[in-house]
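Trainee: A predicted structure for the sequence below; I have some questions about it.
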Amino acid sequence: MANRIERLRAKIRRGDADAMTSLGYAYRYGRGVTQSIPRALHWYRRAARLDEPHAHANLSITYLDGQGVRVDLERFFRHASRAAELGHTRSRIRVACAYLEAEGTRRNRRLGRKLLEDLEEEGWWRARRELARRLCDGECLPKNEALGLQLFRKGVRQGDADCLRDLGTYYHDDEHGPAGYRRASKYYERAARLGSVFAMIRLHECFDEGHEHAVRKDVRRASAWLRRAVKAPYDEDFSSWAWFLLAERLIEGRGVRRDLPQAIRLLRRAARDEYGPACLTLAELAFEGRGMQRDLRKAREWMRMAKSLGQDVRKLEWRMKRGAQRIARATDGVSN
């Protein structure tokens, strides 16, 4: 990995914008270098000044989600639009959705829909799923379930596992009753067998919760699907969620043998992916000394990270404050 970073720096010295973006990505996720959001942004911005499309795309996500900067929807839209002009497909989808949701620009549902339809006709599966989902849900577009389902099934015929997954999500709703729940579990299983981590997680939920007249509750089977999700190829959107869910089961011993060391390893993996609930759980374990040596400094570090990722840490803050007060009173008692 160190050699790769040196090669990137050598290319950067020759003005290679793609290498600048790659180095920014390395700093963003701590791949071969110490993680640093400011340095990641520095390299993204340098590459964007050279009109590197992925740099514009990464900056757009940064300003949309507030990753190391304040949320700025106008900058999000500006960078996403430029990335889209340069041919970055996901940014074209983000721009379409921005018009639908009025994110950084005026709402224009007609234009947003047309952009998604154009991308769908070009064969972009993500655009098809986005359009189908919005039509089924009536989200920022007039509700048209028949057309939405038609688009999902078109994706299924073309081998898109995520369309199977999304059909499962559509039927996984109380309004469709037991028959819909059974249909959802079948769609999830077909998607899972094609490698969808999200579908594996949802199958875990189906068997963990159970459903009268539809799916029999089976916590061991639920855990088995989670283990498959953890072992599946990495999915940047859902793997951290799977690691966290399995870690919870390992901590509780629910459907699996209790195993705190393995749970902590999974939580650390999820935390490296900046999954907030994993950071909060690690903070709690470090504070309690469960599965690891009690370490208040480390607990505070995990708690700060969890808070920066949008987690509600007030309960843990209160517990830590009470713990510090008890220690202080005990110390005063000894000294007196």
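Mentor: Received, thanks.
Trainee: how many neighbours does Trp302 have?
Mentor: Applying the criterion other CB atoms under 10 Å, we find 25 residues in the vicinity of Trp302. C-beta coordinates here come from the backbone N, C-alpha and C atoms, glycine included.
Trainee: which residues does it contact?
Mentor: Trp302 is in contact with Ala271, Cys279, Leu280, Leu282, Ala283, Ala286, counting by CB atoms under 8 Å, 6 or more residues apart in numbering.
Trainee: In contact with the fifth one, which residues?
Mentor: For Ala283, the contacting residues are Ala299, Arg300, Glu301, Trp302, Met303, Ala306, Val313, Leu316, taking CB under 8 Å, 6+ apart as the criterion.
Trainee: from memory the first one sits against Ala286, does it?
Mentor: Yes. Using CB atoms under 8 Å, Ala299 and Ala286 qualify as a contacting pair, with a distance of 3.9 Å.
Trainee: ok, for Gly155, nearest residue in space, not its chain neighbours?
Mentor: Residue nearest to Gly155 in three dimensions, not counting chain neighbours: Cys163, with 3.2 Å by CB to CB, 6 or more residues apart in numbering.
Trainee: show me what contacts that neighbour?
Mentor: Under the criterion of CB under 8 Å, 6+ apart, the contact partners of Cys163 comprise Trp125, Arg128, Arg129, Ala132, Phe152, Arg153, Lys154, Gly155, Val156.
Trainee: returning to that earlier point: could the contacts of Ala283 be laid out in CSV, adding pLDDT and secondary structure?
Mentor: Converted to CSV, these look like this (pLDDT from 0 to 100; DSSP: H, G, I helix; E, B strand; the rest coil):
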residue, pLDDT, secondary structure
Ala299, 93, helix
Arg300, 92, helix
Glu301, 92, helix
Trp302, 93, helix
Met303, 93, helix
Ala306, 91, helix
Val313, 91, coil
Leu316, 91, helix
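Trainee: Quick one: buried ones out of those residues?
Mentor: Buried subset of those (neighbour count, 16 or more other CB atoms under 10 Å): Ala299, Arg300, Trp302, Met303, Ala306, Val313, Leu316.
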